[in-house]
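J.: What follows is a predicted structure for the sequence shown.
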Amino acid sequence: MIKDQLITNEYALYNADCMDVLNTLEKDSIDLSVYSPPFCGLYQYSSLANDFSNCANEKEFLDQYEFLIKEMSRITKPGRITAVHCTDIINTSTYHLWDFSRNNFVTREIRI
Ligand SMILES: C[S@@+](CC[C@H](N)C(=O)[O-])C[C@H]1O[C@@H](n2cnc3c(N)ncnc32)[C@H](O)[C@@H]1O
């Protein structure tokens with residue numbers, strides 16, 4: 001459900017669960033996305049079931065996140081940018097860092 005939105009010729013703002021909005025956006029329709037995902041196990045941002053920070057474990061988070069980045073890839077124009085604020089995350093069971101490459105996530109580091 002979209003709680004509020006503002007759509008102009010230059011930009012669109014939505015106050016909603018991102019999962020409800022992303023699949024309504026057209027393929028190759030955005031130039032830039034910037035976001036800081038709530039990796040599960042770090043902080044809890046709300047008690048809402050669809051808040052990524054409430055995923056029960058790493059696998060559940062990565063399954064949801066995979067859906068999100070596939071949608072981001074679909075709606076982003078070819079050659080344009082999605083910027084993700086992230087950090088090394090420790091798996092508290094294995095004490096190893098999360099391995100995003102295992103889920104076939106491809107990253108490209110851009111140094112500014
Ligand atoms: C790491 S915080 C970043 C917040 C924001 N960038 C800021 O600086 O205030 C992650 C945010 O994503 C929100 N979030 C979690 N799941 C979401 C979802 N499915 N759709 C939209 N936002 C979500 C969390 O509630 C939290 O506010």
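T.: Here it is on my side, so go on. Source: prediction; values computed, not measured.
J.: What parts of this protein come near the ligand?
T.: Within the chain, the positions adjacent to the ligand are Asp17, Cys18, Met19, Ser36, Pro38, Tyr45, Ser46, Asn50, Asp51, Phe52, Ser53 by C-beta under 6 Å from any ligand atom. (Glycine included, C-beta is placed from N, CA and C.)
J.: Just put these in JSON lines and tack on pLDDT.
T.: Formatted as JSON lines, the residues of the chain next to the ligand follow (pLDDT from 0 to 100):
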{"residue": "Asp17", "pLDDT": "93"}
{"residue": "Cys18", "pLDDT": "93"}
{"residue": "Met19", "pLDDT": "89"}
{"residue": "Ser36", "pLDDT": "90"}
{"residue": "Pro38", "pLDDT": "88"}
{"residue": "Tyr45", "pLDDT": "92"}
{"residue": "Ser46", "pLDDT": "91"}
{"residue": "Asn50", "pLDDT": "86"}
{"residue": "Asp51", "pLDDT": "90"}
{"residue": "Phe52", "pLDDT": "91"}
{"residue": "Ser53", "pLDDT": "91"}
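J.: Most neighbours out of those residues, which is it?
T.: When neighbours are counted by other C-beta atoms under 10 Å, Phe52 leads the residues of the chain next to the ligand with 19 neighbours.
J.: Quick one: residues contacting it.
T.: For Phe52, the contact set (C-beta atoms under 8 Å, 6 or more residues apart in numbering) comprises Pro37, Pro38, Phe39, Cys40, Phe61, Gln64, Tyr65.
J.: Point me to the residue of the chain nearest the ligand.
T.: As assessed by C-beta to the nearest ligand atom, the ligand sits closest to Tyr45 within the chain, at 3.3 Å.
J.: May I have the residues that are in contact with the closest residue in space to that residue that isn't next to it in sequence?
T.: Nearest residue to Tyr45 in three dimensions, chain neighbours excluded: Ser53, at 4.7 Å (C-beta to C-beta, 6 or more residues apart in numbering). For Ser53, the contacting residues are Pro38, Phe39, Cys40, Leu42, Tyr43, Gln44, Tyr45, Ser46, by C-beta under 8 Å, 6+ apart.
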